[in-house]
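1. Here is my input, please return the structure:
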Amino acid sequence: MAAFTILILRQHKKVILMPSKQQHRNVIRLGISTCPNDTFAFHALLNRLVDWQDLEFQIDLLDIQQLNQRLFEGRFDVAKTSFHAALSLSDRFCVLPSGSALGFGVGPLLLARQPGLQPTDDSYITLCPGKHTTAKLLFDLFHPKSTQVEHCVFSDIMPRLKAGEADFGVCIHEGRFTWQDEGLGLVEDLGTRWEELTKCPLPLGGLVADQTLPPDVLDRVQAIIHESLQYSLSDRESALPTMRQYAQEFNDHVLMQHVELYVNEWTLDLGDVGRRALRKLSQLAQERGLLASSNQPISIWRSAP
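-> Okay, here's the model as predicted:
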């Protein structure tokens, strides 16, 4: 097995695992988010606690919109991405069965800078965590053309609302658990709105892979991710150091709340329920003109029996 040099660039939240000798042909450019459910799921892979099965991973840990953008640019072979982005890239990428974030009670929150404010005026500004995020798609589905929209890194949304720099914000990740401490107002839980409309769990994001990768490589990547998830699920506390390294929130209780909410049976395998939820998201986006009618149906990778 080849030897590796591990470079950790903390200021850029980037991990590069580089072969010490000539690069093996089975290099996988992998992008994952810094949110706790991803660092929990990929803890064993990041620390090489599971067998890499003769693959070599070059790993970037980035904000979700940065991941989305780089995926559009073709800079990843496998990446965690918003399902909004995955739907738009369905001609190039398939969704892997493991690694998704979907469920009931997991949706983004539409917050206001003060209680009682409503997004009914186009002079208002709503902050969203990125053009291709599922959070932005939900805002467009349920509050179309209601306000002006600006995009920023998700961790800046609540501070900017508190500072009065915007009127509303679509809050994701750890902020879902801490917004009440910041004196902000809740306009709507967009996930609850989705659930009432569709009766499906909300598909937030998933792991996609370049469809041009050889089938045996896709099978191995899927198996490694599934094993990494099982590793953390069998010993949750072991993943905390990795989660703390990249989290915006350093309270262990909040970090584990995040895992309990976003890591579930559909994270291990999307199954029929997850597939149905993805079809519903695509259908609604097309009906509301938020996804091209010519867009190809999204495909879920099925490993060889």
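
2. if I pick the closest residue to residue 229 other than its chain neighbours, what's in contact with it?
-> Nearest non-adjacent residue to residue 229, counting by Cβ to Cβ, 6 or more residues apart in numbering: residue 41, 5.1 Å away. Where C-beta positions appear, they are placed from N, C-alpha and C, glycine not excepted. By Cβ atoms under 8 Å, 6 or more residues apart in numbering, the contact set of residue 41 is 99, 225, 228, 229, 232, 263, 267.

3. ranges for the helices of the protein?
-> Per DSSP state H, the chain carries helices over the ranges 36-41, 43-46, 64-72, 83-88, 134-142, 157-162, 175-178, 190-198, 215-234, 240-246, 252-262, 265-268, 271-287.

4. tell me the angle of the fifth one relative to helix 190-198?
-> Spelled out, that is helix 134-142. For helix 134-142 against helix 190-198, the angle by axes from the mean of the first three to the mean of the last three Cα atoms, to 10 degrees is 50 degrees.

5. What of the third one?
-> Orientation note: helix 64-72 sits at an angle of 60 degrees relative to helix 190-198 (the same axes, to 10 degrees).

6. Please apply the same query to the last one.
-> With the same axes, to 10 degrees applied, the angle from helix 271-287 to helix 190-198 works out at 90 degrees.

7. show me where pLDDT drops low in the stretch 51-200 of the chain?
-> For the stretch 51-200 of the chain, the stretches with pLDDT under 70 are 174-175.

8. Is there a neighbour count for the nearest residue to residue 152 once chain neighbours are set aside? I'd like the number.
-> Leaving aside its sequence neighbours, residue 152 sits nearest to residue 127 (Cβ to Cβ, 6+ apart; 5.6 Å). Burial of residue 127 is recorded as 24 neighbouring residues (other Cβ atoms under 10 Å).

9. sorry, back to before: turn the contacts of residue 41 into CSV, columns for neighbour count and distance to residue 155.
-> Compiled in CSV, the contacts of residue 41 are given as follows (neighbours: other Cβ atoms under 10 Å; distance: Cβ to Cβ, whole Å):
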residue, neighbour count, distance to residue 155
99, 28, 22
225, 26, 25
228, 23, 25
229, 23, 25
232, 24, 23
263, 23, 20
267, 26, 23
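
10. ok, those residues vs residue 299, which is closest?
-> residue 99 (15.5 Å; Cβ to Cβ).

11. So the closest one sits against residue 209, correct?
-> No - contact criterion Cβ atoms under 8 Å: residue 99 and residue 209 do not qualify, at 10.1 Å.

12. Tell me how far the residue nearest to residue 152 lies from residue 134.
-> 16 Å (Cβ to Cβ, to the nearest Å).

13. Chain neighbours aside, what residue packs nearest to residue 257?
-> Per Cβ to Cβ, 6+ apart, closest to residue 257 is residue 177, 5.6 Å.

14. so the residue nearest to residue 152 sits right up against residue 155, yeah?
-> No - judged on Cβ under 8 Å, residue 127 makes no contact with residue 155 at a distance of 11.3 Å.

15. pull the longest strand from the chain.
-> Determined from DSSP state E, the single longest strand within the chain is strand 202-210.

16. now the closest residue to residue 60 other than its chain neighbours, which residues is it bridged with?
-> Of all residues beyond its chain neighbours, the one nearest residue 60 is residue 31 (4.7 Å), with distances taken as Cβ to Cβ, 6+ apart. Residue 31 forms beta bridges with residue 60, residue 79, as assigned by DSSP bridges.

17. centroid residue for this protein?
-> Closest residue to the average C-alpha location of the chain: residue 205 at 4.2 Å, with Cα atoms, centre = their mean.

18. Test of understanding: give the bridge partners of that residue.
-> residue 82, residue 101.

19. which parts of stretch 286-304 are buried?
-> Applying a neighbour-count criterion of 16 or more other Cβ atoms under 10 Å, the buried positions in stretch 286-304 are 290, 291, 298, 300, 301.

20. I should have written stretch 108-118 there, sorry.
-> 108, 109, 110, 111, 112, 113, 117, 118.

21. quick one: contacts for the fifth one?
-> Yep, that's residue 112 we're talking about. Applying Cβ under 8 Å, 6+ apart, we find residue 112 in contact with 118, 119, 161, 167, 168, 184, 185, 186, 187.
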